[in-house]
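> what follows is a predicted protein model with its sequence.
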Amino acid sequence: MIKLKKISRVFIVIGLMLTQFAFGQKNIERFEFQFENKTLQGLIESPIDRKASAIVLIIPGSGKTDFVKGNWYSELRDKFVQAGLTVCLWDKMGCGDSEGEFDNQQPVDNSAQEAIAAIRELKRLNIVGSEKIGLWGISRAGYICPLIINQYPIDFWISASGTSGLDNFRYLLEKNWILKGYDSIQTNLLLKEWDFCYKALTKGNVDYNYVITKTENLFNDSFYNSLGGTLFSKSEYQEMIDYYKNSGFVFDSISGLQIMVENFPEILKKVDCPVLAIFGKKDTQVDWRKTLELYQTTMGQNDNSILTIKTLDNCNHNMQKCDTGALGEDLKKYNWQACDDYYSIITNWLKRQKVIE
């Protein structure tokens, strides 16, 4: 199994106008706020030729961020501003100029509280567009955004590559092993070994030496190794068992997979704003079909959600044009472009919801 340090499961004070300048067709203002006694740094971007009709917060997926210095999601941000929206974003703790230490295991409910703190300050300062607040989120944000909506009035939610209630790492392994040319026998063998190891760690009742003998193929697999799945020592094995034992994680009784948000279907049923859910049909990181079905049976049954679902061909997890969607696929031939119709779908939907003109 993956070592602990590589396990992937993905305000008071606002300083505005430290610098403000026109960049293309938008104003950019420095943005900082306090969360858990740490200063998080970000930006507010807005149109220069009109009054913004709403604010959209960018809620990222798993891993570190580099929004400010790295200009992450620059094209998406520009599209929102061009449509007449103000965009608010910030780097996670320990990323960019944000204080604190990055925590790859940050609970999703804590991430939701972080976003709510930002929203409250935007409201308090009466930032242009703050009378209407929306969310754009990708991947892990599929857990965070519904939690935000359940606790704070939100006017719209755009979900990209949204998540189901269960951890998706097994799905990622299976899809990418197949795309790497593994036949069904090889793939099933590796999945069987992964299941065994995962259950041994979460149950904590299997002898270390027995685990090693039963996972020989898994820990010799180059793709699994590339994700951090290196062979662990006996002491590391015990550390991981202790980690799961003390984590408070809850696991699905049928699949054995971690439940990322307890009572997630009920949380989705309470979403009471218009939702646009966009999925790439070649997403190999999130089981988009399960998520789509979950959305239909929860938000799709709530008239207040006004759920709209769009699926895009030749589109990967990051909403980019692709051939296979595999991790590490070279997208140079497409110049890392967004999937066909991705931006127009968003813009047209925002118009239908009367968020923009």
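Thanks, I have it.
> C-alpha from now on. contacts and neighbour counts both.
Will do.
> now the strands for the stretch 151-300 of the chain?
Counting by DSSP state E, counting those that start in this stretch, the stretch 151-300 of the chain has strands at residues 156-160, 250-251, 258-259, 275-280.
> can I get these in CSV with mean pLDDT?
Shown next, in CSV, are these (pLDDT from 0 to 100):
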stretch, mean pLDDT
strand 156-160, 98
strand 250-251, 92
strand 258-259, 93
strand 275-280, 98
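> the ones you listed: which one's closest to Gln186?
Comparison of the strands of the stretch 151-300 of the chain against Gln186 by CA to CA identifies strand 258-259 as nearest, at 24.4 Å.
> who touches that closest one?
Outside strand 258-259, the residues within contact range by CA atoms under 8 Å, 6 or more residues apart in numbering are Gly165, Leu166, Asp167, Phe249, Val250, Phe251, Asp252.
> PyMOL command for the buried members of those?
Entered in PyMOL, the line below selects the buried ones among those, by 16 or more other CA atoms under 10 Å:
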select buried, resi 165+166+167+251
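> just the contacts of strand 258-259 now: which is nearest Ile148?
Nearest to Ile148 among the contacts of strand 258-259, counting by CA to CA, is Gly165 at 15.9 Å.
> for the closest one, give its distance to Gly256.
Distance of Gly165 to Gly256, given as CA to CA, to the nearest Å: 13 Å.
> report the buried residues of stretch 130-142.
Result for stretch 130-142 [16+ other CA under 10 Å]: buried residues Ser130, Lys132, Ile133, Gly134, Leu135, Trp136, Gly137, Ile138, Ser139, Arg140, Ala141, Gly142.
> just put these in a markdown table and tack on secondary structure, distance to Ile306 and pLDDT.
A markdown table is the format used below for those (DSSP: H, G, I helix; E, B strand; the rest coil; distance: CA to CA, whole Å; pLDDT from 0 to 100):
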| residue | secondary structure | distance to Ile306 | pLDDT |
| --- | --- | --- | --- |
| Ser130 | coil | 22 | 95 |
| Lys132 | coil | 17 | 97 |
| Ile133 | strand | 17 | 98 |
| Gly134 | strand | 14 | 98 |
| Leu135 | strand | 15 | 98 |
| Trp136 | strand | 16 | 98 |
| Gly137 | strand | 18 | 98 |
| Ile138 | strand | 19 | 98 |
| Ser139 | coil | 21 | 97 |
| Arg140 | coil | 22 | 96 |
| Ala141 | helix | 19 | 98 |
| Gly142 | helix | 17 | 97 |
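> of those residues, closest to Lys282?
Of all these, Lys282 sits closest to Ser139, with 14.0 Å by CA to CA.
> wait, that closest one touches Ser62, no?
Yes: using CA atoms under 8 Å, Ser139 is in contact with Ser62, at 7.5 Å.
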